[in-house]
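> compute the structure for the input listed below.
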Amino acid sequence: MNPRAELWNVLHDGTIDAIQGSVPGDIEIQVDILYLRKMFSDDGESIVVRLTNCTKLSMKIWEDDVITDDPERIASTETEILSTESDGVPVHIVTTLGELDLEFDDFSLWLDNGRQITFLELCDACENYWNRWENEAKQNKSRMDNPH
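Model prediction:
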């Protein structure tokens, strides 16, 4: 899968807190994803995704049965990212409150403290988190199965 699409699967369960910029142009999407953000030693709660040359940003909000391209309205939903089945761009992202469509040339990633990270660093942090979670779950199950 293309990293521009896969990024949104890595950010699974993250909440879109803010969107800055305008289309067409560069857009910054702040994703509050504490469990993943804590995998980096720096303090903070969010990862900022900078989309370069974004030509489409729209969301179908299910509850309101409306499609909007207003970044403030999209961010105000505080929707959580679930997944994408897109292989590339445009990216179609399913969220808890609707469907987000993005078209852009490239992306860069930043911690909310201003430090830039690579997509590989984000993927490694995600893999390490889920490996740790799985190991802890196995240990807890083992303790429950063998209480003595």
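
> just for this structure, where's the confidence low?
1, 141-143, 147-148 (pLDDT under 70).

> okay, now S83: neighbour count?
14 (other C-beta atoms under 10 Å). No exception for glycine: its C-beta is placed from N, CA and C like everyone else's.

> meant to ask about W8, not that
Residues lying near W8 (other C-beta under 10 Å) number 23.

> same thing with G21?
15.

> which one is it nearest to, not counting chain neighbours?
Leaving aside its sequence neighbours, G21 sits nearest to I27 (C-beta to C-beta, 6 or more residues apart in numbering; 4.0 Å).

> what distance do you get for that neighbour to E136?
Distance of I27 to E136, given as C-beta to C-beta, to the nearest Å: 36 Å.

> quick one: the helices in the protein, in order.
Secondary structure of the chain (DSSP state H): helices at 3-10, 34-37, 71-76, 119-145.

> can you redo those helices as TSV with distance to M59?
Putting the helices of the chain into TSV (distance: least, C-beta to C-beta, whole Å) gives the following:
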stretch	distance to M59
helix 3-10	13
helix 34-37	22
helix 71-76	5
helix 119-145	23
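
> ranking those helices by burial, who's on top?
helix 3-10 (a mean of 19; mean count of other C-beta atoms under 10 Å).

> helices or strands next to that one in the packing?
Where contact means 3 or more C-beta pairs under 8 Å, 6 or more residues apart in numbering; DSSP states H and E, helix 3-10 is packed against strand 81-84, strand 91-95, strand 106-111, helix 119-145.

> number of residues surrounding the residue lying closest to E80 once chain neighbours are set aside?
Once flanking residues are discounted, E80 sits nearest to T96: 4.4 Å by C-beta to C-beta, 6+ apart. For T96, the neighbour count with other C-beta under 10 Å is 13.

> wait, which of the helices and strands packed on helix 3-10 is closest to P3?
Among these, helix 119-145 comes nearest to P3, with 5.2 Å by C-beta to C-beta.
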